[in-house]
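> This is a predicted model, with the sequence first.
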Amino acid sequence: MKTLILKTASIYLLPVLLVFSVFILLRGHYLPGGGFVGGLIAAIAFVLHAFANGLSESKNLLKIHPGFLMPLGLALAFLSGVAPVIVDDPFMTGLWFPDPFPVIGNVGSALFFDIGVYLVVVGVTLTIIFTISESA
Amino acid sequence: MTQQLILYPLLLQLLLSILLMFFWYRINAQRIISILGSILHLGLTIYVFSFIWNNGIQTLQAGSWEAPFGITFVADSLSITLVLLTAIAGLAVSIFSASSMIPDRLKFGYFPIFHFLLLGLNGAFLTGDIFNLYVWFEIIIISSFVLITLGGEKAQLEGAVKYFTLNFLASMIFLTAIAVLYGLTGSLNMADLAIKVAEVENRALVQITAVLFLIGFGIKAAVFPLYFWLPASYHTPPSAVSAIFGGLLTKVGVYALIRVFSLIFVGDAFLDEMLIVIAILTLFSGGVGALIQNNIKKVFSYLIICHIGYMILGLGMFTEVAIAGTIFYLIHDIIVKTNLFMVSGLIYRIKGSSSMRALGGFYSDYPKLSLLIFIPLFSLVGIPPLSGFWPKISLITASFNTESYWGLAAIIFASFITLVVIAKLWAEVFWKNPGEIRERFKFDYFHKMGKYRKLGFVAPIVFLSFVSLYIGFGAENIQILSSRVAQELMDNQLYIDAVFNNAQNPE
């Protein structure tokens, strides 16, 4: 699909959507949102880019194969679950920094778990959609 | 750190799957990681097993949320025995896969998914939360869908559709049952449910919920009349996949049945009666089904169904002797069935066929291998002192004690049928003069393989045969183990105390 409007819009929409996805990811602990939704929004950003500019362009933009994000995200989620085991708390216990960070707010192991989910969702969604559009 | 010991087998499997995903296209590295990881896993599980053997039931509240609000992990003797058996079977199948799976399948992530499946199995055995059990079941069936369709041959897809439909239905019924149970009691923790279900006044509703669980798990365990998906699908994937399916997947259903009917729905005469009737019909129909099959893998598939009947029968009689028989049979069956599907893969690689009519002369060509295969085949029949014999004594004693003579008749009938089926298989495949099997062009024959690949085929069969022999000759030890499991299961207060005492004063 080569339309000038979509192509121009996608250049601006991609960063906006990505920032929005990170926003959704970060607010997810107490408010609606989280890694899953954030990941889907990030995936949509790339899919929209692929619609406007072609699949190969988006792949160049991504640099790495999206499938690689799956084990990466899983590993991050795994580590955030295992981290409390090292300090002798049960698996998956939330560990928190005592003071809130500026902008981000409170940071704990749950955030890293959510980032892991985010990466897995981006990886899975993009792998599926890219594979389907390649074979179509 | 010891308090969390019970989670380590689970975490190790997860770590292995993640690690294997990083090596997606490097199949040699995947083979090595999978085998080494499985050996490590076996060692770790043995350590955890001995810890629980010495220290009794261990529990862990994930995320420090106390029971009954958080997810509890419980390792009693039954759970940890099954985790140990999973580790043994997992190691054998991992070695077998490394040499029998073709590279095309390995490139599509066979090993990571295989370890996800083992992760799901470990999780299902260890969890003490009924909704969490559902989640592990989902992990198991999603992984098994991938494994059963990987390669995408026509027969495979056909089998997969049947497998998929029925298992999906089972999950749905299971989920419905959980919903009803939650509506009744407001809890999902199994120990908490055990207390609350006993207090519910509307017994009819409890019975209906129990029947829903029975249907859901029954489909997964392949009991009569819900077994027909199993023989339709288990012979289609490669032997390594069939081995792990045949050895462990149906047994998860049996485990769930044992857990739910010994912990939550206890002492209901109607349900026990129902279990016994189902078990008798399963023994009968599975046995008769196996008689008329020609494909070796289909014979074994029907025998799986038949032998599930023994375990359900023991559960239905629900005396300590009967449960001990069930557990002993479970231990024996996981090892032998895994082994037999690998044997069928080996026979296929050697001769290029799985049809009993076409095969023959195996004994004169490969006398040593034949003697090796003799062990699992006749362990299955239960010729004393091989492993299948001992649990049947317990089951027969129990059916005398409870005066369920139909059950007794079914046990003897099914043993007899198994003997006939295996004797027929032995005569056809090993003794008969071979029929004409056309030499297949471009077929990966066993005798054309290198030394190490051959070893990869034979070593896991030898390994599991030795385990079977141990179960047979060291029956005393296994009997002690199963009696202990039976004691724990008969007295569900032990389980409940373990979950709640630990929650009140965490170490």
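Right, received. Where do you want to start?

> Pull the number of nearby residues for the residue in chain A that chain B sits nearest to.
In chain A, the residue that lies nearest chain B is A:Pro71 (3.6 Å; Cβ to the nearest Cβ). No exception for glycine: its C-beta is placed from N, CA and C like everyone else's. Neighbour count for A:Pro71, taken as other Cβ atoms under 10 Å in any protein chain shown: 22.

> B:Ser370 sits in which helix or strand?
helix B:367-381 (DSSP states H and E).

> Render the CA-only coordinates of that helix in PDB, please.
These are the backbone C-alpha positions of helix B:367-381, laid out as PDB (Å, rounded to 0.1, in the frame of the first residue of the first chain):
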ATOM      1  CA  PRO B 367      19.200 -60.900  18.900                       C
ATOM      2  CA  LYS B 368      20.700 -58.500  21.500                       C
ATOM      3  CA  LEU B 369      18.300 -55.700  20.700                       C
ATOM      4  CA  SER B 370      15.400 -58.100  20.900                       C
ATOM      5  CA  LEU B 371      16.500 -59.200  24.300                       C
ATOM      6  CA  LEU B 372      16.600 -55.500  25.300                       C
ATOM      7  CA  ILE B 373      13.100 -54.900  23.900                       C
ATOM      8  CA  PHE B 374      11.900 -58.000  25.700                       C
ATOM      9  CA  ILE B 375      12.300 -56.200  29.000                       C
ATOM     10  CA  PRO B 376       9.800 -53.300  28.500                       C
ATOM     11  CA  LEU B 377       7.400 -55.500  26.600                       C
ATOM     12  CA  PHE B 378       7.100 -58.200  29.200                       C
ATOM     13  CA  SER B 379       7.300 -55.700  32.100                       C
ATOM     14  CA  LEU B 380       4.100 -54.300  30.600                       C
ATOM     15  CA  VAL B 381       2.500 -57.700  30.700                       C
END
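
> Could you look up the next helix or strand downstream of it?
helix B:389-401.

> that older thread, what residues does the helix holding B:Ser370 touch?
B:303, B:307, B:332, B:336-337, B:339-340, B:343, B:346-347, B:362-363, B:386-388, B:415, B:418-419, B:422, B:425-426, B:430, B:458, B:461-462, B:464-465, B:468-469, B:471-472 (Cβ atoms under 8 Å, 6 or more residues apart in numbering or on different chains).

> still on that earlier bit, and the residue of chain A closest to chain B, which helix or strand is it part of?
Counting by DSSP H and E, the element that carries A:Pro71 is helix A:69-86.

> buried ones in that helix?
A:69-85 (16 or more other Cβ atoms under 10 Å in any protein chain shown).

> which other helices and strands contact that helix?
helix A:109-135, helix B:8-22 (3 or more Cβ pairs under 8 Å, 6 or more residues apart in numbering or on different chains; DSSP states H and E).

> Show me how far the helix holding B:Ser370 is from its chain's centre.
Centroid separation for helix B:367-381 versus its chain: 21 Å, with Cα atoms, centre = their mean, to the nearest Å.

> ok, and for it, which residues are buried?
Across helix B:367-381, burial judged by 16+ other Cβ under 10 Å covers B:369-370, B:372-373, B:375-381.

> what residues are up against A:Ala50?
A:Ala50 touches A:57-58, A:129-130, A:133, counting by Cβ under 8 Å, 6+ apart.

> Which one (most neighbours) among the residues you listed?
A:Ser58 (23 neighbours).

> That one should be in a strand, yeah?
No. Assignment of A:Ser58 by DSSP: H, G, I helix; E, B strand; the rest coil gives helix, placing it outside any strand.

> Could you find the closest non-adjacent residue to it?
The shortest distance from A:Ser58 to any non-neighbouring residue, by Cβ to Cβ, 6 or more residues apart in numbering or on different chains, is to A:Ala50 (4.0 Å).

> pLDDT score assigned to that neighbour?
Per-residue confidence (pLDDT) for A:Ala50: 89.

> where's it, which helix or strand?
Per DSSP H and E: A:Ala50 is located in helix A:35-53.

> Now do that helix against helix A:109-135: the angle between them, please.
Angle, helix A:35-53 to helix A:109-135, by axes from the mean of the first three to the mean of the last three Cα atoms, to 10 degrees: 30 degrees.

> any idea how far the closest residue to B:Glu153 other than its chain neighbours lies from chain A?
Spatial nearest neighbour of B:Glu153, chain neighbours left out: B:Thr236 (7.6 Å); criterion: Cβ to Cβ, 6+ apart. Noted for B:Thr236: a distance of 24 Å to chain A, by Cβ to the nearest Cβ, to the nearest Å.

> Within range of chain B, give me the residues from chain A.
With Cβ under 8 Å from any Cβ of the partner chain as the criterion, chain A meets chain B at residues A:67, A:70-71, A:74-75, A:78, A:82, A:85, A:88-94.

> Farthest pair within those residues?
A:Gly67 and A:Asp88 (35.6 Å; Cβ to Cβ).

> Out of those two, name the residue with the larger neighbour count.
A:Gly67 (18 against 11).

> separation between the more buried one and A:Leu119?
Distance check for A:Gly67 against A:Leu119: by Cβ to Cβ, to the nearest Å, it reads 11 Å.

> what does stretch B:172-181 contact?
Applying Cβ under 8 Å, 6+ apart, the contact partners of stretch B:172-181 are B:130-131, B:134, B:137, B:188, B:193, B:197, B:205, B:208-209, B:212-213, B:215-217, B:219.

> show me where pLDDT drops low in the chain?
No chain specified, so I'll use chain A. A:1, A:136 (pLDDT under 70).

> my bad, chain B
Confidence mapping of chain B against pLDDT under 70 gives the ranges B:1-2, B:502-507.
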